[in-house]
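Trainee: Give the three-dimensional model of this entry:
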Amino acid sequence: MPHKNVVQTSFSFVSQTSSLNHKAKGTKRKKTTPGRNIATRKTVEDNIQGRLPLDGIPDEDSRKWLEKRVSAHMKGTLELIITDNRYSIITVRRKGSHFRLRIHHMFLTAKAPVVRALARYMEKSDPKSSKILNDFIDSNQDKIKAPDPKASRKPILKTKGKVYDIQELFDDLNNRFFEGALRIDITWGRASRKRAKRHRSIKMGSYSVEDRLIRIHPALDRSFVPKFFIESVIYHEMLHHVQPIPIKDGRRQYHTREFKEQEKSFPWHEKAKKWERANIDRLLFY
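Mentor: The predicted structure is shown next:
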């Protein structure tokens with residue numbers, strides 16, 4: 001079922017590419033190998049550690065130091081961006097031999113094996129490196145900034161539509177399938193003021209982990225849309241609240257095998273899928 005998850009995870013770094021193999025004109029330079037200049041490295045890492053936890057984006061010296069460490073283990077050039085993103089922990093884009101790496105600040109004090117894994121992951125998508133990075137992320141969850149409840153206003157909830165009251169549908173589903181344990185909000189999404197037209201796609205539902213809020217597309221609040229179909233959409237979004245969201249290859253996995261198995265247990269799951277396929281043209285006109 002088309003779905004939009006507001007939650008995500010990412011890490012990032014932006015900087016000019018630095019190479020440890022660069023030679024100054026007219027000079028000879030010893031080959032740089034990982035582990036050399038330990039005293040200098042320790043001084044830099046101590047300075048970085050002294051500035052953590054970070055408030056937003058770290059200073060340029062910290063960024064350059066990590067970029068230099070990662071570059072030492074790769075052949076291509078690197079553009080590194082550091083973020084405080086709560087959702088996308090690692091994001092890599094490649095163009096030829098140039099890499100753009102966005103990465104969470106937790107990696108600033110990563111040990112050598114993790115830094116090497118970053119380089120291998122970017123260049124080769126190595127499964128062993130991916131596991132090392134996943135383990136590092138899992139062990140540093142405390143460095144991911146929790147959402148500030150004062151930073152955003154609580155959204156205005158609209159649950160009564162022209163045809164359906166989705167709060168009533170949510171409460172019924174909550175009692176039947178979750179023992180009334182879910183403490184999250186639901187609302188109709190914002191209706192378009194433009195004249196109805198045919199669209200190429202529709203996000204029928206979304207769930208924001210940060211806001212603990214389900215949004216249902218107002219295009220479903222129409223008389224030809226059966227109750228069991230809206231319930232299946234709501235149930236899908238409720239599962240995003242109860243199912244874990246593991247990280248794989250630096251990305252959040254929203255629809256895991258366990259998620260899909262629990263979704264199939266919904267009594268009208270197949271019926272809703274069949275109805276959607278038969279009525280998609282009508283749904284896309286809103």
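Trainee: Low-confidence stretches in the stretch 151-286 of the chain?
Mentor: Counting by pLDDT under 70, the stretch 151-286 of the chain contains low-confidence ranges at 151-153, 250.
Trainee: Name the SS class of Arg100, please.
Mentor: Look at Arg100: counting by DSSP: H, G, I helix; E, B strand; the rest coil, its state is strand.
Trainee: neighbours of Lys248, just the number please.
Mentor: Around Lys248 there are 11 other residues, counting by other CB atoms under 10 Å. From N, CA and C alone the C-beta is placed, and that goes for glycine too.
Trainee: er, Gly180 actually
Mentor: 10.
Trainee: Three-state assignment for it, please.
Mentor: Going by three-state DSSP: Gly180 is coil.
Trainee: Please report the distance of it from Ile230.
Mentor: Distance, Gly180 to Ile230, by CB to CB, to the nearest Å: 20 Å.
Trainee: How is this structure divided into domains?
Mentor: Per the record, the chain has its domains at 3-143, 166-283, by automatic domain parsing.
Trainee: would you turn those domains into CSV with distance to Lys160?
Mentor: Output for the domains of the chain, formatted as CSV (distance: least, CB to CB, whole Å):
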stretch, distance to Lys160
domain 3-143, 23
domain 166-283, 7
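Trainee: so who does Arg263 touch?
Mentor: Careful, residue 263 is Glu; it's not Arg. 235-236, 239, 269 (CB atoms under 8 Å, 6 or more residues apart in numbering).
Trainee: Now intersect these with the helices, please.
Mentor: 235-236, 239, 269 (DSSP state H).
Trainee: how close does Lys203 sit to Lys271?
Mentor: 21 Å.
Trainee: try Leu213
Mentor: For Leu213, the distance to Lys271 - CB to CB - is 27 Å.
Trainee: Which one's more surrounded, those two?
Mentor: Taking neighbours as other CB under 10 Å, Leu213 and Lys271 compare with Leu213 leading, 19 against 14.
Trainee: List phi and psi for that one.
Mentor: Per-residue torsions, Leu213: phi -140, psi 130 (degrees, to the nearest 10).
Trainee: hang on, isn't it packed against Lys154?
Mentor: No - here Leu213 does not reach Lys154: they are 9.0 Å apart, not a contact under CB atoms under 8 Å.
Trainee: ok, Ile216 - contacts?
Mentor: By CB under 8 Å, 6+ apart, the neighbours of Ile216 are 166, 186-189, 204-205, 230, 233-234, 237.
Trainee: Closest one of these to Asn134?
Mentor: Using CB to CB, Glu237 is the member of those that lies nearest Asn134, at 26.1 Å.
Trainee: what residues are up against that closest one?
Mentor: By CB under 8 Å, 6+ apart, the neighbours of Glu237 are 3, 205-207, 214, 216.
Trainee: tell me the secondary structure for Asp211?
Mentor: Once three-state DSSP is applied, Asp211 turns out coil.
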